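S.K.: I'd like to go over a predicted model; first the sequence, then the structure.
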Amino acid sequence: MKTIIEPFRIKSVEPLRHTTREERERVLREAGYNLFLVPASDILIDLLTDSGTSAMSTEQWAAMMRGDESYAGSESYFRLKRVVENLTGFRHVIPTHQGRAAERILFTVLCKPGHVVPNNTHFDTTRANIEFTGAEAVDLPLPEAADTQAALPFKGGMDVGALERLIEERGRERIPLIMLTVTNNSGGGQPVSMANIEAVSRVAHRHGIPFYLDACRFAENAWFIREREPGYADWSPFDIARKMFSLADGCTFSAKKDAFANIGGLLCTNDDALARQEKDLLILTEGFPTYGGLAGRDLEAIAVGLQEVLDPDYLRYRIASTTYLGKHLAEGGVPIVQPPGGHAIYINAGRMLPHIPRHEFPGQSLAVELFLHAGIRSVEIGSVMFGEHARNELLRLAIPRRVYTQSHIDYVVEAILEVNARRHELRGYRIVEQPEFLRHFSCRFEPL
Ligand SMILES: *Cc1c(COP(=O)(O)O)cnc(C)c1O
């Protein structure tokens with residue numbers, strides 16, 4: 001059979017509420033045209049993020065009832081630890097309330113002013129947590145990734161030559177760790193090949209530098225390796241993921257992505273002395289090391305989710321459904337970042353709306369219009385989010401896991417193609433109010 005179906009049926013449903021255009025106009029005015037400030041109950045289809053928005057399975061809900069809420073030594077912690085050890089091989093498994101808490105603890109222990117941390121592309125919280133210690137976060141993406149139209153199989157990797165040069169220029173002793181983000185979220189959700197992970201691991205270990213994965217979407221990355229990298233077609237996603245982790249000395253992980261959990265994170269390492277320092281810090285802000293800021297039932301949901309996410313039927317459906325959205329938009333003439341990533345489709349709003357200059361925010365204009373036209377929430381990834389540092393003016397459509405059906409996605413495609421047909425009518429925006437940091441979350445706009 002050619003048709004790929006959702007590999008689940010629906011037992012519990014959440015109603016969606018349609019709004020009128022007049023309601024949406026009012027909501028937008030009240031929110032200062034910033035979709036972060038729109039109440040979720042006014043959204044029809046929410047593609048703001050794939051983080052913490054997954055639908056949990058019957059097995060996850062059942063496991064939550066088994067949650068052991070003991071302060072210390074919870075059975076739920078030991079169940080999670082066994083699953084993570086089996087998957088990653090890491091000796092120390094430290095739960096945290098989400099991915100950025102793992103980052104803060106890791107970088108607080110390892111980094112100081114004068115240090116440099118290379119990554120293929122730092123996620124925004126990763127960069128912010130490194131910079132908060134006084135260290136410098138350096139992105140080393142592949143040069144070919146700069147071309148948003150080049151449909152290459154593994155655009156998410158690290159430029160290994162640039163890594164070698166960085167180590168030579170700055171000195172090994174100023175680089176406390178090397179990180180690789182799989183898949184490369186800020187780089188369009190593009191995968192990293194096993195060959196690239198191996199190459200980065202080799203360079204790191206030759207210089208005696210610890211090598212960490214930012215493993216948020218490890219399962220989606222494993223599936224791309226199976227589909228696209230010679231030699232892996234017969235491997236199970238579990239075996240591929242296990243090999244990825246075996247090349248690293250530790251990882252940070254947000255369970256809000258590839259563990260289908262609504263909250264949670266992990267910090268893992270093989271270094272005993274480091275783990276001791278990390279657990280000391282954990283107690284200060286997160287909690288005792290067998291719960292790390294989570295309820296016992298959250299640990300259970302993560303343990304089950306980490307096993308479910310590696311099901312080949314799920315991953316085949318997941319990657320196919322994201323590709324489906326990208327393919328139909330591209331065929332309808334909408335410029336998207338190629339090829340489609342694992343968790344999201346990025347529309348190149350700068351190319352779609354060339355009559356709106358960067359300083360009038362083409363991505364924001366498209367985000368507002370998509371909500372006004374069809375009640376869809378997306379997010380600008382461009383000059384609103386990154387100011388002068390923006391490389392492209394993009395609009396991200398992130399796909400929550402196991403939440404929307406194909407007809408929801410067909411509706412999204414139709415809405416975007418209708419907006420695309422009258423794209424010349426869209427106008428820019430100006431910012432009328434903004435905070436000092438991370439302005440995209442709370443700034444207010446006015447249409448021009
Ligand atoms: C989401 C994410 C994080 C941070 O995780 P949170 O759970 O949101 O704190 C870090 N790195 C990457 C690549 C992510 O996608």
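M.R.: Alright, I've got the coordinates.
S.K.: could you tell me which residues of the stretch 51-200 of the chain lie near the ligand?
M.R.: 51, 98-100, 123, 125-126, 181, 185 (Cβ under 6 Å from any ligand atom). For every residue, glycine as well, the C-beta is placed using N, CA and C.
S.K.: okay, those residues in a markdown table with pLDDT, neighbour count and secondary structure next?
M.R.: Putting these into a markdown table (pLDDT from 0 to 100; neighbours: other Cβ atoms under 10 Å; DSSP: H, G, I helix; E, B strand; the rest coil) gives the following:
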| residue | pLDDT | neighbour count | secondary structure |
| --- | --- | --- | --- |
| 51 | 97 | 19 | coil |
| 98 | 97 | 21 | coil |
| 99 | 97 | 26 | helix |
| 100 | 96 | 18 | helix |
| 123 | 91 | 23 | coil |
| 125 | 89 | 18 | helix |
| 126 | 94 | 26 | helix |
| 181 | 97 | 26 | strand |
| 185 | 84 | 28 | coil |
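S.K.: let me see the ranges of the strands in this structure.
M.R.: Per DSSP state E, the chain carries strands over the ranges 45-46, 92-96, 116-119, 136-139, 178-181, 211-214, 250-254, 265-269, 344-348, 376-377, 379-381, 394-398, 429-433, 444-447.
S.K.: could you dump those to a markdown table with distance to residue 307?
M.R.: Below are those laid out as a markdown table (distance: least, Cβ to Cβ, whole Å):
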| stretch | distance to residue 307 |
| --- | --- |
| strand 45-46 | 27 |
| strand 92-96 | 15 |
| strand 116-119 | 28 |
| strand 136-139 | 33 |
| strand 178-181 | 23 |
| strand 211-214 | 19 |
| strand 250-254 | 14 |
| strand 265-269 | 14 |
| strand 344-348 | 24 |
| strand 376-377 | 31 |
| strand 379-381 | 30 |
| strand 394-398 | 23 |
| strand 429-433 | 45 |
| strand 444-447 | 44 |
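S.K.: grab the nearest non-local neighbour of the most centrally placed residue in the chain.
M.R.: The centroid of the chain falls nearest to residue 185 when counting by Cα atoms, centre = their mean (4.8 Å). Of all residues not flanking residue 185 in the chain, residue 123 sits nearest, at 5.3 Å (Cβ to Cβ, 6 or more residues apart in numbering).
S.K.: next one: residue 444
M.R.: Closest to residue 444 by Cβ to Cβ, 6+ apart is residue 32, at 2.8 Å.
S.K.: the helices in the stretch 301-448 of the chain, which residues?
M.R.: Using DSSP state H, counting those that start in this stretch, the helices of the stretch 301-448 of the chain run over residues 312-331, 349-352, 362-374, 383-386, 406-421.
S.K.: point out the most buried one among these.
M.R.: helix 362-374 (a mean of 24; mean count of other Cβ atoms under 10 Å).
S.K.: quick one: mean pLDDT over it.
M.R.: In this model, helix 362-374 has a mean pLDDT of 98.
S.K.: same check, this time on stretch 341-352
M.R.: Across stretch 341-352, the average pLDDT comes to 96.
S.K.: likewise for stretch 194-207?
M.R.: 98.
S.K.: just how off-centre is it within its chain?
M.R.: 23 Å (Cα atoms, centre = their mean, to the nearest Å).
S.K.: then stretch 2-13?
M.R.: That offset, for stretch 2-13, works out to 23 Å (Cα atoms, centre = their mean).
S.K.: gap between the two ends of it?
M.R.: In stretch 2-13, first residue to last residue: 28 Å (Cα to Cα, to the nearest Å).
S.K.: got the contact list for the closest residue to the ligand within the chain?
M.R.: Residue of the chain nearest the ligand, by Cβ to the nearest ligand atom: residue 99 (2.4 Å). Counting by Cβ atoms under 8 Å, 6 or more residues apart in numbering, residue 99 touches 125, 214, 216, 252-257, 265.
S.K.: how many neighbouring residues does the closest residue in space to residue 115 that isn't next to it in sequence have?
M.R.: Among residues not flanking residue 115 along the chain, residue 135 sits closest, at 3.8 Å (Cβ to Cβ, 6+ apart). The number of residues packed near residue 135 is 21, by other Cβ atoms under 10 Å.
S.K.: with the one 4 residues further on instead?
M.R.: Close neighbours of residue 139, defined as other Cβ under 10 Å, add up to 17.
S.K.: could you give me the average pLDDT of stretch 136-155?
M.R.: What stretch 136-155 shows for mean pLDDT is 93.
S.K.: sorry, wrong one. I was asking about stretch 31-40.
M.R.: 97.
S.K.: next, the distance between the ends of it.
M.R.: Note: stretch 31-40 ends 12 Å apart using Cα to Cα.
S.K.: quick one: distance of it to the chain centre.
M.R.: With Cα atoms, centre = their mean, you get 21 Å for stretch 31-40.
S.K.: name the residues of it that come out as buried.
M.R.: Neighbour-count burial for stretch 31-40, with 16 or more other Cβ atoms under 10 Å as criterion, is recorded at 31-35, 38.
S.K.: farthest pair in the contacts of residue 99?
M.R.: 125 and 255 (14.5 Å; Cβ to Cβ).
S.K.: tally of neighbours for residue 30?
M.R.: 12.
S.K.: what's the spacing between it and residue 24?
M.R.: 11 Å (Cβ to Cβ, to the nearest Å).
S.K.: swap in residue 94?
M.R.: Applying Cβ to Cβ, the value for residue 94 to residue 24 is 44 Å.
S.K.: settle it for me: which of those two has more neighbours?
M.R.: residue 94 (26 against 20).
S.K.: about what we covered before: so the residue nearest to residue 444 makes contact with residue 434?
M.R.: No. With contact defined as Cβ atoms under 8 Å, residue 32 does not count as touching residue 434 (10.1 Å).
S.K.: spit out the residues that contact the two alike.
M.R.: Common contacts of residue 32 and residue 434 (Cβ under 8 Å, 6+ apart): 443-444.
S.K.: domains of this structure?
M.R.: Domain ranges of the chain: 21-50+311-447, 58-308, per automatic domain parsing.
S.K.: most packed of those domains?
M.R.: domain 58-308 (a mean of 20).
S.K.: isn't residue 79 up against residue 300?
M.R.: Yes. Taking Cβ under 8 Å as the definition, residue 79 is a contact partner of residue 300 at 6.7 Å.
S.K.: could you tell me the least trusted of the helices of the stretch 301-448 of the chain?
M.R.: Looking at the helices of the stretch 301-448 of the chain, the weakest mean confidence is helix 383-386, a mean of 90.
S.K.: report all helices and strands that that helix contacts.
M.R.: When contacts are defined as 3 or more Cβ pairs under 8 Å, 6 or more residues apart in numbering; DSSP states H and E, helix 383-386 sits against helix 362-374.
S.K.: report the angle between the helix it packs on and strand 394-398.
M.R.: 50 degrees (axes from the mean of the first three to the mean of the last three Cα atoms, to 10 degrees).
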